[in-house]
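> Need a 3D model of the following:
(chains A, B and C, ligands or ions: 2)
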Amino acid sequence: MTTLTDPPKESFRPSMLLSDTRYRSITFQVIALVLLIAAIWYLGSNLAANLRAAGLNISFQFLNNPAGYDINQTLIPYTSQSSNLQAAWVGIINTLLVSFLACITATIFGVIAGVLRLSNNWLVRKLMAGYVEIFRNIPVLIWILIIYTIMTAAMPAPSAFRGDDPASSMMLGSFAFTNRGVYIPGPIWGPGSTIVVATFVASVIGVFAYRRYATKLLYDTGRLLPMLWPSVVILLVPTIVMFFFLGMPIGLDYPALKGFNFRGGIQIGAPLIALWFALSIYTGAFIAENVRAGIQAVSKGQTEAAAALGLRSGRIMNLVVLPQALRVIIPPLISNYLNITKNSSLAILVGYADITATLGGITLNQTGRAIECVVLLMLFYLVISLGISMVMNVYNNATKLKER
Amino acid sequence: MSDTHAESIAFVRESSLPPAAPPEKVGGPFKWVKDNLFPTWANAILTIVALYFLYLLLSGSLPWLLNGVWNASSLSECREILDGATGACFSVISERWHQLLFGFKYPSDQYWRPTLALVLLFLAVAPVLFIDLPRKLLIFTGIYPFLAFWLIWGGPIWGPVFALLGVIVGYMVYARLVHNSFAKALAGGIVAAAIVWYVGGIIGDALRPARPLLEAVPSRDLGGFMLNMMLGITCVSLSLPIGIALALGRQSHLPIVKGICVVFIEFVRGVPLITLLFVANVMLAYFFPPGSGVDLFIRVVIMITMFSSAYIAEVIRGGLAALPKGQYEAADSLGLDYPQAMRLIILPQALKISIPGIVNIAVGLFKDTTLVSVISLFDIIGMIRGPILASTDWNGVYWELFLFASVLFFIVCYGISQYSQWLERRLATDHR
Amino acid sequence: MAETAQMQVSDEVAIRINNMNKWYGAFHVLRDIDLTVHRGERIVICGPSGSGKSTLIRCINALEEHQKGSIEVDGTLLSSDLKNIDKIRSEVGMCFQHFNLFPHLTILENCTLAPIWVRKTPKKEAEETAMHFLEKVKIPDQANKYPGQLSGGQQQRVAIARSLCMRPRIMLFDEPTSALDPEMIKEVLDTMIELAEEGMTMLCVTHEMGFARQVANRVIFMDEGQIVEQNEPEAFFNNPQSPRTQLFLSQILGH
Ligand SMILES: Nc1ncnc2c1ncn2[C@@H]1O[C@H](COP(=O)(O)OP(=O)(O)OP(=O)(O)O)[C@@H](O)[C@H]1O
Ligand SMILES: [Mg+2]
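Ligands and ions are numbered 1, 2, ... in the order given. The predicted model follows:
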């Protein structure tokens, strides 16, 4: 704590290790370090002795051996002859896929429920409170199982769609909900489709540029351009024009029943849907609470002060309330995203091939390389978590209220 | 108003106005419905959508719930009774009641023991939860862990007795020395407790009865909701002191100590609980001395405790950071040393601020105890997914079982969070 | 010192600061501070905001470390030796602008805490002492309340009593009245005046110039981390030498 350079001219005495603030902190740290090393050494030597006794070693060679099992939902090429490493990659991508999807839908659920909880409609308020309390207080694992059971036990088999008088029919003629998953139309990318997509991306950039320009114009000259309708026009019109101009290059591929199963379109497997939906609706309940707290955290005084300055209610929301509310909402929102990613490891329950189910599940059991698999698994999640917290820190520092 | 003169500026009130009643309120249920359900068009649509949704929910679930069958011995019998009508087969719950609560291996003539432990638990936590209760009751809280251990696991009574004795002796030594120096007191307490435990171990071996009073139950026979409760309570209680230590370490000015704590906390918080449970299941055994054979229950407790202590440490760190710097300075200026300042000034306040956060972690952790079913421990979910749904009698009764488990968790978690809100309101008005 | 000092000042040195310097990072907060305080002296320190007044008195009881020069309190050299720091802290009492009472303890517990744990006084005796000092600051009837239930002025008087319970030989005050409403300022100042009359050595950062005239036997003006001027109160207020002092005085006395 206190280190002085000038007065102490006395020579070193051993008792100063504890009584002198300059040496005391070093003493404690050395003790801590020694204890840490002793603990690591003890655990390490136990590990070595146990491995020796069991005739095992640590080796990551197994990653290159053929995995020997099938995965039903993959986004990258994979066969049972692919290596364990490739299986792990499939798992990683599946983890990221379900986490990404769940983050988006959870945010939507959460924002809607959070805003509705503050509605002046009594019934809606109570319903949303019920949603939040019920979902927050029951383990996510149970929700995953429930929704998976709905998917597999309560949905019709594809064969129910067959025949002249089928027991089930497709929704809007293009969506099929079956116990093997949901079939939805998929896009067909014809020639020229890249141009349409590129136009759309350019329009999005254009919207931002326009809004920036409008703000700058307001600051420089005091002239306020309309914001909403030009944004919509810039966003949609060029893309639509381009789409028809190029002769509708993007088409849809509808799923259709061929034999005993559906073909065409995109199949989203039941495990993915169960996991995705359960994570979204469970985390959505938590996000709803954050959103509510964030909006309520902006004190009424702020709104009144802005109104007293003559701002209209839309501007009050945009310029005063939202920036402050977001400051409260975003940090817990990001940690909820982190929770979704971590909870997606429960995929193993429903047989969705995420990283925990592939590397930490089948690969581990087939190769018996427990330590290696678990360590790699943890490493993966650590990288993701640390990455996200780094982003969060940057955000927090950027938006921190400058206070003394 | 007779004495106001609009023309003159100077004004002195000579008679004060009596307070008048406010204008009559227009009220009644009709107005309430209009104001709260149909104030605007958009709101009216919202209300109708909500009502329709509610109707769907109730019309779907009520017949099923109300028409439930409670006394069949298998699914097929239940279907016979229902005879095609919709209805739940709640009989699975009444028939497998004990399995759902205690697992399928706990000796059935001993169910009274965990039940008694649960009842005593309420007695033990009462003084912790309600500050107004007499402090004397905390003595029972101190004894409870040892009593509960003995009740649930059984076996010779000497183990828990000497463990308790060691703690008491250790605490007495600590209390005697703490006035002098915290470090000496802590060391003295630990040494004294260790001596008692060592001696107690020898005496306990000598006194080992041929047949213990309570039949010993191995940990692998524990299961059902009892297992969730035990894991939740044990791990949260153990992780509190560890969490405090980690939080203080992370706040410390010593870079190495701080570094160790930060790495531990961030590591644990960065990985899902399930990977830590994998560690408990397949890896942790390698880190114990060869041949020690620590059983799975203890390995799981170790890992879950690590997990929750990292989260609790972060909550407490928030509490520490929320304290004004002046508190540290005032303690310093009075000449209190670091352990004294922490124990007497900082931690009491920081912990109080952190209570709601800690309760949240506890609720989350309790829900997460269901994850042990993934590593084939038979907690309530493990029981449902394993022995019960796999049995020929009850293959296919998902909803009733999931509903039962959900209701149990909801009651406990909702109860705890309501308590936390009550406490928060109470602390908010407390001497501040 | 003759005319203001009805109270005794001995030759014994209470605090000796020699050529003391302190930096916050690269920022030089205190520059070559030299100050000798005799036992029984009452010193008022004033100066513009950010001039380093708080930092100076916080260095005296080692709440802040200094990097150069020496500080000697009651013959104990402030070094990195913990024993010296502890000794100085138990001999020097301090009152803060924001009181810093411990909100989770009652008034009485606030006052007995340090005597019990630092001085190892038996609890009963500590409570008697505490009641004695609470009577002195005129709030014995609040002893079992919590700080949050007291007014600001009462809280500051408790803070003074809390320090006095350690039987300090020197008291440091850092703007003890600047967080208070006018009518409360008087009750705190009265307490401090009483303390001064009993011959306590006091170092007081304050802008209460009436107080300075009445009890101080020296006023120190600081600016930019240096002692710019010091003098007896009469001379200091009536005939300031440095232009910076003149400017400062005209600003705070001007309205
Ligand atoms: N912890 C710190 N880190 C960096 N700079 C600091 C710190 N504390 C104070 N300072 C700076 O040191 C200078 C002196 O601060 P100090 O608090 O001593 O001023 P002061 O004279 O007491 O002012 P005031 O009348 O406002 O209380 C200020 O410029 C301040 O910004
Ligand atoms: Mg100051």
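> And the residue nearest to the spatial centre of chain B, how far from residue A:99?
Of all residues in chain B, the one closest to the mean position by CA atoms, centre = their mean is residue B:362, 4.0 Å from it. If you measure residue B:362 against residue A:99 using CB to CB, to the nearest Å, the figure is 26 Å. No exception for glycine: its C-beta is placed from N, CA and C like everyone else's.
> picking that back up, using PDB, write out every CA atom in the host helix or strand of the residue nearest to the centre of chain B.
Counting by DSSP states H and E, the element that carries residue B:362 is helix B:347-368. Presented in PDB, the C-alpha positions along helix B:347-368 are these (Å, rounded to 0.1, in the frame of the first residue of the first chain):
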ATOM      1  CA  LEU B 347     -18.300  -7.300   4.300                       C
ATOM      2  CA  PRO B 348     -21.400  -6.800   6.500                       C
ATOM      3  CA  GLN B 349     -22.500  -4.000   4.200                       C
ATOM      4  CA  ALA B 350     -21.400  -5.500   1.000                       C
ATOM      5  CA  LEU B 351     -23.100  -8.800   1.700                       C
ATOM      6  CA  LYS B 352     -26.300  -7.000   2.600                       C
ATOM      7  CA  ILE B 353     -26.300  -5.300  -0.800                       C
ATOM      8  CA  SER B 354     -25.500  -8.600  -2.500                       C
ATOM      9  CA  ILE B 355     -28.300 -10.600  -1.000                       C
ATOM     10  CA  PRO B 356     -30.700 -10.300  -3.900                       C
ATOM     11  CA  GLY B 357     -28.000 -11.200  -6.400                       C
ATOM     12  CA  ILE B 358     -26.900 -14.200  -4.300                       C
ATOM     13  CA  VAL B 359     -30.500 -15.400  -4.100                       C
ATOM     14  CA  ASN B 360     -30.800 -15.200  -7.900                       C
ATOM     15  CA  ILE B 361     -27.600 -17.300  -8.200                       C
ATOM     16  CA  ALA B 362     -29.000 -19.800  -5.700                       C
ATOM     17  CA  VAL B 363     -32.300 -20.100  -7.700                       C
ATOM     18  CA  GLY B 364     -30.400 -20.500 -10.900                       C
ATOM     19  CA  LEU B 365     -28.100 -23.100  -9.400                       C
ATOM     20  CA  PHE B 366     -31.000 -25.000  -8.000                       C
ATOM     21  CA  LYS B 367     -32.600 -25.200 -11.400                       C
ATOM     22  CA  ASP B 368     -29.200 -26.300 -12.800                       C
END
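> Would you mind pulling the contact partners of the helix or strand harbouring residue A:238?
Assessed by DSSP H and E, residue A:238 sits inside helix A:228-245. Contact partners of helix A:228-245, identified using CB atoms under 8 Å, 6 or more residues apart in numbering or on different chains, comprise A:195-196, A:199-200, A:202-204, A:206-207, A:210-211, A:249-250.
> Check which helices and strands the helix or strand just after it sits against.
Moving toward the C-terminus from helix A:228-245, the next helix or strand (DSSP H and E) is strand A:250-253. Helices and strands touching strand A:250-253, as assessed by 3 or more CB pairs under 8 Å, 6 or more residues apart in numbering or on different chains; DSSP states H and E, comprise strand A:186-189.
> Residue ranges in chain C under the pLDDT threshold?
Applying pLDDT under 70 to chain C flags residues C:1-8, C:254-255.
> Quick check, central residue of it?
The C-alpha lying nearest the average C-alpha coordinate of chain C belongs to residue C:172 (CA atoms, centre = their mean; 1.9 Å).
> Please name the residues that touch it.
When contacts are counted by CB under 8 Å, 6+ apart, residue C:172 touches C:57, C:60-61, C:92-95, C:202-204.
> show me the contacts for residue C:158.
Contact criterion CB under 8 Å, 6+ apart gives C:99, C:101, C:107, C:110-111, C:134, C:137, C:139, C:142, C:147, C:150 as the residues in contact with residue C:158.
> Which residue ranges of the chain form strands?
You didn't pick a chain, so chain A it is. Using DSSP state E, the strands found in chain A span residues A:176-178, A:181-184, A:186-189, A:250-253, A:256-258, A:261-263, A:266-269.
> actually it's chain C I care about, not the one you picked
For chain C, the strands identified by DSSP E occupy C:13-24, C:27-38, C:42-46, C:68-73, C:76-77, C:92-95, C:170-174, C:201-205, C:218-223, C:226-231, in order along the chain.
> Same list, those, but as JSON lines with distance to residue C:181 please.
Shown next, in JSON lines, are these (distance: least, CB to CB, whole Å):
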{"stretch": "strand C:13-24", "distance to residue C:181": "32"}
{"stretch": "strand C:27-38", "distance to residue C:181": "31"}
{"stretch": "strand C:42-46", "distance to residue C:181": "21"}
{"stretch": "strand C:68-73", "distance to residue C:181": "34"}
{"stretch": "strand C:76-77", "distance to residue C:181": "39"}
{"stretch": "strand C:92-95", "distance to residue C:181": "17"}
{"stretch": "strand C:170-174", "distance to residue C:181": "18"}
{"stretch": "strand C:201-205", "distance to residue C:181": "19"}
{"stretch": "strand C:218-223", "distance to residue C:181": "25"}
{"stretch": "strand C:226-231", "distance to residue C:181": "31"}
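> Nearest approach to ligand 1 belongs to which of the ones you listed?
In this view, the strands of chain C are compared for proximity to ligand 1 by CB to the nearest ligand atom, and strand C:13-24 is the closest at 3.4 Å.
> Please find the angle between the direction vectors of that closest one and strand C:27-38.
Using axes from the mean of the first three to the mean of the last three CA atoms, to 10 degrees, the inter-axis angle of strand C:13-24 relative to strand C:27-38 is 180 degrees.
> coming back round to it: do I have it right that the residue nearest to the centre of chain B meets residue B:236?
Yes - taking CB atoms under 8 Å as the definition, residue B:362 is a contact partner of residue B:236 at 4.8 Å.
> Mutual contacts of these two, please.
In contact with both residue B:362 and residue B:236: residue B:308, using CB under 8 Å, 6+ apart.
> For the closest residue to ligand 1 within the stretch 201-350 of chain B, give its distance to residue B:253.
Of the stretch 201-350 of chain B, the residue with the smallest distance to ligand 1, taken as CB to the nearest ligand atom, is residue B:325 at 9.4 Å. Here the criterion is CB to CB. By it, residue B:325 lies 14 Å from residue B:253.
> Chain A contacts on the stretch 1-150 of chain B?
Selection of the stretch 1-150 of chain B residues close to chain A by CB under 8 Å from any CB of the partner chain yields B:36-37, B:39, B:43, B:46-47, B:50-51, B:53-54.
> Would you mind giving these as CSV with secondary structure and pLDDT added?
Listed next are the residues of the stretch 1-150 of chain B next to chain A as CSV, based on DSSP: H, G, I helix; E, B strand; the rest coil; pLDDT from 0 to 100:
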residue, secondary structure, pLDDT
B:36, helix, 75
B:37, helix, 77
B:39, coil, 73
B:43, helix, 80
B:46, helix, 85
B:47, helix, 88
B:50, helix, 88
B:51, helix, 91
B:53, helix, 90
B:54, helix, 91
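> number of nearby residues for residue 21?
With no chain named, the answer covers chain A. Counted with other CB atoms under 10 Å in any protein chain shown, the neighbours of residue A:21 add up to 19.
> my question was about chain C
The local packing count at residue C:21 equals 16, with neighbours defined by other CB under 10 Å.
> How about residue A:390?
10.
> Surely residue C:216 touches residue C:45?
No - with contact defined as CB under 8 Å, residue C:216 does not reach residue C:45; the gap is 9.6 Å.
> between these two, who's got more neighbours?
residue C:45 (28 against 25).
> need the contact list for that one.
Residue C:45 makes contact with C:53, C:56-57, C:203-206, C:219-220, C:222 under the criterion CB under 8 Å, 6+ apart.
> overlap between the contacts of residue C:172 and the residues near chain B?
Filtering these for neighbours of chain B using CB under 8 Å from any CB leaves C:61, C:92-94.
> Just give me the closest of those to residue A:319.
Minimum distance to residue A:319 across those is 45.2 Å, recorded for residue C:94 (CB to CB).
> got a list of what residue C:39 touches?
For residue C:39, counting by CB under 8 Å, 6+ apart, the contacting residues are C:9-10, C:12-14, C:169, C:201.
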